[in-house]
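Student: coordinates only, no sequence provided:
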């Protein structure tokens, strides 16, 4: 008998909450992107858990697509960070006030 | 579904040990990500979390996803994070005690607590009415493992999303190139450098050399003490623009002056 689904889902919830907390509290944009990765991994845990409990490969398909989207998101996000850093000399979220009127 | 609502202790010992170990890895890594003052330490803690998640995938018979998790996340994405951290030189310590926004942490904790309660009540505790299982293919105990089932479903039921990811990746590549490209009208200095180098060699090598000059300016630690690779040496000697003299002189100084000169080049 394997671990029950509730334990995996609870771990997923806790991991998602920690990613959300880090995203809201931290000011370094690169660390904020890492916290987004934590939240995506929490969603992946939940998807794989449902794929096992419902015996359906569709959950693993969704994880596959989430991985692709996460890679693309990191590439574009870090590109934005690099281009902001060229102008502002810093990578904290407080410095990104260029849209302020 | 017999095992869904059972307690943890009903599991066999190897399963329970694997779950506990991977959960400890995941949570300790997540704490390290959000509590490290140094972004490099955050990235290394992220590796620990990702390996823990891969263990959880393995425990649930998602072998292919676990392998892809290690290869793509721990192998590519974290390296990309580390590369950008070191490339930009933002690995200075962040002061986590001072919070400039007054109620930011209280509100963040409140939102996190609310989301945790909501997810636990609705997602974990509730008994959802679900329809028929296995709309695509069964995931467990397949002949050929989950690799065959995953491949079959990706190329049949999920063919359109799979093709859409191809377009997404192309768009991401183009976006990264456009975002990080140096603007040609950045200043007269850049034009002068390009002009002199264009006179010396062809068009494409000049472009590559100016890219290397950018890398020297952005990453001063790599150029500290003039310990550059042999590839950089000829481009540096052929650089004849008068605007480059200060950064060239700074190469012979100690790393502190190099860093200041690099920042001035950036400004």
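Tutor: That came in fine, so what should we check first? Fair warning: this is a prediction, and the values are worked out from it, not measured in the lab.
Student: contacting residues around residue B:118?
Tutor: Contacts for residue B:118 were tallied using C-beta atoms under 8 Å, 6 or more residues apart in numbering or on different chains; there are none. Placement of C-beta: from N, CA and C, glycine included.
Student: that one: what secondary structure?
Tutor: Secondary structure, DSSP: H, G, I helix; E, B strand; the rest coil: residue B:118 is helix.
Student: how about low-confidence regions in the stretch 101-250 of chain B?
Tutor: Counting by pLDDT under 70, the stretch 101-250 of chain B contains low-confidence ranges at B:127-136, B:139, B:141-142, B:144, B:184-250.
Student: scratch that, chain A
Tutor: For chain A, residues meeting the criterion pLDDT under 70 lie at A:1-2, A:91, A:100-101.
Student: what count of nearby residues applies to residue B:99?
Tutor: Using other C-beta atoms under 10 Å in any protein chain shown, residue B:99 is surrounded by 14 other residues.
Student: now it: closest residue in space, sequence neighbours ignored.
Tutor: Spatial nearest neighbour of residue B:99, excluding adjacent residues (C-beta to C-beta, 6 or more residues apart in numbering or on different chains): residue B:105 at 5.7 Å.
Student: buried residues in the helix or strand containing that neighbour?
Tutor: Per DSSP states H and E: residue B:105 is located in helix B:104-119. Under the neighbour-count criterion of 16 or more other C-beta atoms under 10 Å in any protein chain shown, helix B:104-119 has B:108, B:112, B:116, B:119 buried.
Student: and of the residues you listed, the nearest to chain A?
Tutor: Nearest to chain A out of the buried residues of helix B:104-119 is residue B:108 (C-beta to the nearest C-beta; 3.7 Å).
Student: so how far is residue A:24 from the residue nearest to residue B:99?
Tutor: 8 Å (C-beta to C-beta, to the nearest Å).
Student: coming back round to it: turn the buried residues of helix B:104-119 into a markdown table, columns for distance to residue A:66.
Tutor: Converted to a markdown table, those look like this (distance: C-beta to C-beta, whole Å):
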| residue | distance to residue A:66 |
| --- | --- |
| B:108 | 24 |
| B:112 | 22 |
| B:116 | 21 |
| B:119 | 17 |
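Student: ok, and which of the residues you listed reach chain A?
Tutor: Contacts with chain A within the buried residues of helix B:104-119, counted by C-beta under 8 Å from any C-beta of the partner chain: B:108, B:112, B:116, B:119.
Student: any residue of the longest helix seen in chain A touching chain B?
Tutor: If you go by DSSP state H, chain A has its longest helix at helix A:58-88. Yes - against chain B, helix A:58-88 shows contacts by C-beta under 8 Å from any C-beta at A:58-61, A:63-65, A:67-76, A:78-83, A:85-86.
Student: I'm done for today, thanks for sticking with me.
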